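Asker: give me coordinates for this.
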Amino acid sequence: MKRKWFGGALAFLALMAFPATVFADDGPTNMQLQAGLNTFFVFMAAMLVFFMQAGFALLEAGSVRMKNAGHIAGKTVLTLGISIIVFWAFGFGLGFGNGNSLFGTTGFFMTGDAMAKSFDALSASDVSLSVKFLFQLSFAAVSLAIACGGMAERAKLSVYIVFGALFMVIIYPVIAHWVWGGGWLGQLGMQDFAGSTVVHLTGATAALVITYMLKPRLGKYNKDGKPNSIPGHNQVLSVLGVFILWIGWFGFNPGSTLSAMMDGFFGYVALTTNIAVAAGAIAALLISWAVFGKADIPSMLNGVLAALVAITGSCAFVDAWAAVVIGAVAGIVTFFTAQWFERAGIDDPIYAFSVHGIAGIWGAISTGLFATPKLVETTGVGKPGLFYGGGLEQLGVQLLGVLGAFVFVFVISFIIIGIMKATMGIRVSEEEEMMGLDISEHGTYGYPEQMKLIADSAAAKPAPELSAVKPVSGTGEAFN
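Answerer: Sure thing, here's the model as predicted:
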């Protein structure tokens, strides 16, 4: 008897919870099911891209010294919070709202699917507008994370806040609109499937400007200009961070198909992405072995990331064999450019411009060489590349897009950072930099026990003269 009452109660609750579906004559249509599946697919892809922030936190924390680890990891949460609020209020509308060929003018303070008519550039997909917002937001947050990498170990915390907000209003949305939001580069047929230019070159160019204007870290260069090695404190954290980024990229690239259908095209994008990464990792390790005489782990990690960046723009346009070439070239070129920038006096602890900028440029150019007619037809963007009978037209469009994005981001970033440097200051004092940003900016260390031992040990020894750790002439100035 009790079982009958229990079963009846469950049946009643089911009827109350789902009255429409229980009594409806017809179930969901195929179109409704497809839209629901695609929306869920893109939502999960967005979550993978959001999880990349954990990868950035581990990678960057492992790549800096122990006294700055807590700061660099914590700022990842800060910049993500800034990205969400500012992109919701202004960035999404400027990037994807209806407007002109330069920026959007509608869709600010996004409130959900009711605003769909303000985003014609996104209307081709049946995915919910709210989920499209989350997906594009995750991309924007990655670009800002790359830009902030150039500030490592010497920028004031306030710089992250001010520049981060301005980046999400003035810089990133403009480039996104140019390529993806109906802007002039998109009208020309620029091929950038998941953001080699829009996300990575944009963030890396801002990082280059910031790195240059902050000047090198104390002790990075001798008086003769020769760079000193300042290794990160935990290579294992960096490796774990790269693994998380690698996994997150399966949301980045396959997720950009915006569909779980399309005959499984997202699976092909995942294939080209994965084999490119493997090629980049192996090529970078081998070239470091040949140059250094030892297989360098950080170089291999940079090779992984560079290949991911390069294949991001081309993953939906190229054959599998070309993906291997693109990844391998990215790993090798990034290795040499990282060395070159360091010798040139650009102290980039995260190698942001080498990994995301140089590889982003190569990724954009590669579609102008390797884009196949069949895949161009599938994506509906641009024309075939040079090696597939397309001539120089698509390559020219890609080069124009790279140049236009680089110049715009460089100039605007230079103006913003220049004004900030003149008004509020962008670099901590020498004393604060020496003690570490964990303690100077936050009042506590990320590794309190270890740092206390180091501090006690240092207190027991005579203090070294500050001049012994000053950087090369021209970089030991008043940093504000």
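Asker: in the protein, what spans have low per-residue confidence?
Answerer: 1-26, 262, 451-480 (pLDDT under 70).
Asker: so in the chain, which helix runs the longest?
Answerer: The longest helix of the chain (DSSP state H) is helix 30-63.
Asker: that helix: what's the following helix or strand?
Answerer: Sequence order places helix 69-86 as the next helix or strand after helix 30-63, per DSSP states H and E.
Asker: check which helix or strand covers the residue most central in space within the chain.
Answerer: With distances taken as CA atoms, centre = their mean, the chain has V142 as the residue nearest its mean C-alpha position (3.3 Å). In this structure, V142 is located in helix 129-149 according to DSSP H and E.
Asker: and that helix, what does it pack against?
Answerer: With contacts taken as 3 or more CB pairs under 8 Å, 6 or more residues apart in numbering; DSSP states H and E, helix 129-149 sits against helix 30-63, helix 69-86, helix 92-96, helix 157-166, helix 172-179, helix 202-214, helix 235-252, helix 352. Yep, even glycine has a C-beta here, placed from its N, CA and C like the rest.
Asker: I'd like those helices as CSV, with mean neighbour count and distance to A364 appended.
Answerer: CSV is the format used below for those (neighbours: other CB atoms under 10 Å; distance: least, CB to CB, whole Å):
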stretch, mean neighbour count, distance to A364
helix 30-63, 19, 20
helix 69-86, 21, 23
helix 92-96, 28, 18
helix 157-166, 19, 25
helix 172-179, 27, 10
helix 202-214, 26, 11
helix 235-252, 20, 16
helix 352, 28, 17
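Asker: that older thread, list the residues that contact the residue nearest to the centre of the chain.
Answerer: Residues in contact with V142, defined by CB atoms under 8 Å, 6 or more residues apart in numbering, are V49, M52, Q53, F56, V199, G203, F252.
Asker: any idea which of those residues is closest to K383?
Answerer: V199 (23.0 Å; CB to CB).
Asker: need the contact list for that closest one.
Answerer: Taking CB under 8 Å, 6+ apart, we find V199 in contact with F139, A140, V142, S143, I146, T312.
Asker: tally of neighbours for the closest residue to it other than its chain neighbours?
Answerer: Of all residues not flanking V199 in the chain, S143 sits nearest, at 4.7 Å (CB to CB, 6 or more residues apart in numbering). A count of nearby residues for S143, using other CB atoms under 10 Å, gives 27.
Asker: which residues are contacting stretch 156-169?
Answerer: By CB under 8 Å, 6+ apart, the surrounding residues in contact with stretch 156-169 are 71, 75, 78-79, 82-83, 86-87, 90-91, 94, 140, 143-144, 147-148, 151, 206, 210, 413, 416-417, 420, 424-428, 437, 441-442.
Asker: ok, stretch 432-447 next?
Answerer: The contact list for stretch 432-447, computed with CB under 8 Å, 6+ apart, reads 61, 65-74, 153-154, 156-157, 217-218, 427-428, 431, 451-452, 466, 469.
Asker: repeat that for 6 Å
Answerer: Outside stretch 432-447, the residues within contact range by CB atoms under 6 Å, 6 or more residues apart in numbering are M66, K67, N68, A69, G70, H71, R154, L157, L218, M451.
Asker: hmm, A147 and T79 touching each other?
Answerer: No. The pair T79 / A147 is not scored as a contact, 8.7 Å apart, by CB atoms under 6 Å.
Asker: okay, helices next: where are they in the stretch 301-450 of the chain?
Answerer: Counting by DSSP state H, counting those that start in this stretch, the stretch 301-450 of the chain has helices at residues 320-343, 352, 359-370, 373-379, 393-423, 430-435, 437-442, 448-459.
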